[in-house]
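Peer 1: Quick check, what structure comes out for this input:
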Amino acid sequence: MFSVCLLLFGEQIPSFSRSFCTKPISKPIIYTHRSGRQVKARMKKLEEKMAELGENFKSKHELKTPKGTQDFGPEQMAVREKVVGIITETFKRHGAVTIDTPVFELRKVLMGKYGEEGSKLVYNLDDQDGELCSMRYDLTVPFARYLAANKIEKIKRYQIAKVYRRDQPVMTKGRFREFYQCDFDIAGPGELMMQEAECLKIADEVISKLELGEFEIRINHRLLLEAIFEASSIPSNLFKTVSSSIDKLDKIAWADVREELINEKGLNELMADSIGKFVCIGEEHPDWDNSSLFDWFCSDNLSASEEVQKSIIKAIDELKLLFNYAILFGCKDSRIVFSPSLARGLDYYTGIIYEVVMKDINFDITDVISILKKLPNKDGTSPDGISYKIIKNSYLILAPYLLDFFSNITG
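Peer 2: Numbers count the residues shown, from 1 in each chain. The predicted structure follows:
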């Protein structure tokens, strides 16, 4: 399945974009054709009450959005619609149809799908007539439920909708509790690595059209990660929790990840150092290209068992095939990078893992775009998925694009 997840949060729009409104709006628009009189009357009463209470009203009844949420003004909506329009057009051109699913799901459908970290961020609702429900954490698991409920075995689909995370909001760092995702999925059988290559092509197209600057697509394989864990004598029941620690390498140094693996995840120093030898090889040899890294993993000096070595070679062969297909589809060779340290903690990621990184923008790697293979098919294979995340200072990131956009629409 191919899934694209667009997260556009309501960051403060930079000052240059305010030229969109040449005349300031002195009062909010409160009139609606259907019930304008009622709305005006209620607003008048509210203003009278605010004037009566004065400062006490501001302290006790502040009119603001809940933590981790934000209103979207006309300028922000114009930007979001433009960006979503570019992504939607790309999805449709690749043959996708759209669906919609409920904003909340049965809790048993969502639980156990997001790893130890993600499961803590699911919003649980009160008992609804005997049904335990939760707000959707993403669009992927509801889509899997939709496929199973409707006995659909093959579909190209996209969905644009809000999702909810019970996170500690830090608006300036892009941590929100409510945001939009835009998913695109290819579910169904296909040639080995062909659907994944289409995922890469779509990611390449979207980022190129947004004209955000230079970027690279970092790629890894879950099969390779699991082989690394086996070669490091990690018990299989710790694979998921170890993966969630490795996933933090884009945010913290290996020394901190190593300390977490030993002190919190129960690994001994020998196990942790063995993992570090594999996942840090790219950082230790920055001059190595993809072929050099592939050759190193396929060499005989890794002290891995014959079975583990076969898994490593299988993963590397699939990565090579993916790289070749992606180049044939039109992706630049220089943009495709093998990244052995790339990991994901969510439980439904099974195969190829992708991540697009903006080279000229300084923010967290995983907050840009994650392209992930997920959800098993009936035959045991997995659909291919991309998850787009344009978050953090999203409007600041789009600054050059916004300048052109606003100059065009204001004439």
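Peer 1: Is residue 101 in a helix, a strand, or coil?
Peer 2: The three-state assignment at residue 101 reads coil, by DSSP: H, G, I helix; E, B strand; the rest coil.
Peer 1: Count the residues that sit near the nearest residue to it once chain neighbours are set aside.
Peer 2: When the adjacent residues along the chain are set aside, residue 101 lies closest to residue 142, with 4.2 Å between them (CB to CB, 6 or more residues apart in numbering). For the C-beta atoms, the positions are set from N, CA and C on the backbone; glycine is no exception. Neighbourhood size, residue 142 [other CB atoms under 10 Å]: 24.
Peer 1: Residue 142: helix or strand, and which one exactly?
Peer 2: Taking DSSP states H and E as the definition, residue 142 sits inside helix 140-149.
Peer 1: Any stretches of the stretch 51-200 of the chain with poor pLDDT?
Peer 2: The model of the stretch 51-200 of the chain has pLDDT under 70 over residues 53-61, 113-118, 170-174.
Peer 1: buried residues in stretch 308-327?
Peer 2: Neighbour counts over stretch 308-327 (16 or more other CB atoms under 10 Å) mark 308-309, 311-312, 315-316, 318-323, 325-326 as buried.
Peer 1: what sits against the residue nearest to residue 101?
Peer 2: 101, 102, 105, 109, 136 (CB atoms under 8 Å, 6 or more residues apart in numbering).
Peer 1: Quick check: ChimeraX command selecting the buried ones in the residues you listed.
Peer 2: Per 16+ other CB under 10 Å, the buried members of those correspond to this ChimeraX selection:
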select :105,109,136
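Peer 1: Return the closest of the contacts of residue 142 with respect to residue 228.
Peer 2: For these, the residue nearest residue 228 by CB to CB is residue 109; the value is 31.4 Å.
Peer 1: Which helix or which strand is home to that closest one?
Peer 2: Going by DSSP H and E, residue 109 is in helix 107-110.
Peer 1: circling back: from the chain's centroid, how far away is the helix holding residue 142?
Peer 2: With CA atoms, centre = their mean, to the nearest Å as the basis, helix 140-149 stands 18 Å off its chain's centre.
Peer 1: Centroid-wise, who is the farthest residue in the protein?
Peer 2: The C-alpha centroid of the chain is most remote from residue 52, which lies 46.8 Å away (CA atoms, centre = their mean).
Peer 1: give the contact list for the closest residue to residue 296 other than its chain neighbours.
Peer 2: Nearest residue to residue 296, sequence neighbours excluded (CB to CB, 6+ apart): residue 281, at 6.4 Å. Contact analysis of residue 281 by CB under 8 Å, 6+ apart lists 288, 293, 296, 340.
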